[in-house]
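1. What shape does this take:
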Amino acid sequence: MANYIYELKLKVRDYECDLQGIVNNANYQHYLEHTRHEFLLAHDISFAKLHEQGTDAVVARISMQFKVPLKSRDEFVSKLWIKKEGIKYVFMQDIFRLPDMKLSVRAQVDTVCLINGRLADSPQLNEAFADFF
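-> Purely as a prediction, here's the structure:
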């Protein structure tokens with residue numbers, strides 16, 4: 001069982017669905033990214049400020065497993081937890097359909113930091129995430 005540290009409730013919008021009436025696979029990446037960004041903001045981490053200081057957090061790899069599709073107007077909760085592997089910050093993310101909590105997507109998002117254009121460990125993010133590792 002995952003030890004989630006953040007969750008965000010959202011609703012599927014009509015235009016996110018394909019001709020089959022289900023959420024197009026690419027839109028799940030938007031949900032995952034939005035959840036990560038809201039998580040960072042909830043912990044007073046701003047991408048804009050990091051960038052101004054020379055640090056850019058970027059996605060290096062995404063792996064997604066699709067389980068139960070979401071449909072138009074479905075409500076869902078996107079949850080995450082984070083771990084550190086070397087210089088990578090690995091976000092483990094799950095999306096559950098509401099209200100039945102059926103797993104819709106399971107994802108692993110590997111992120112790294114470029115500091116002044118060079119791959120490096122981020123002291124700022126290590127400090128900000130210290131309680132989660």
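
2. Just the mean pLDDT for whichever strand in the chain runs longest, thanks.
-> Looking across the chain with DSSP state E, the single longest strand is strand 102-115. Across strand 102-115, pLDDT averages out at 97.

3. Mind listing the strands the helix or strand immediately after that strand in the chain pairs with, and their directions?
-> Scanning forward in sequence from strand 102-115 by DSSP states H and E, the next helix or strand is strand 118-120. Strand 118-120 sits in its sheet next to strand 102-115 (antiparallel), going by DSSP bridges.

4. which outside residues touch the strand it pairs with?
-> Contacts with strand 102-115, where a contact means CB atoms under 8 Å, 6 or more residues apart in numbering, come from 28, 31-32, 36, 54-70, 76, 85, 87-97, 119-122, 125. To be clear about C-beta, it is placed using only N, CA and C from the backbone, and glycine gets the same treatment.

5. Just the buried ones from those?
-> Neighbour-count burial (16 or more other CB atoms under 10 Å) applied to the contacts of strand 102-115 gives 28, 31-32, 36, 55, 57, 62, 66, 69-70, 76, 88-97, 122, 125.
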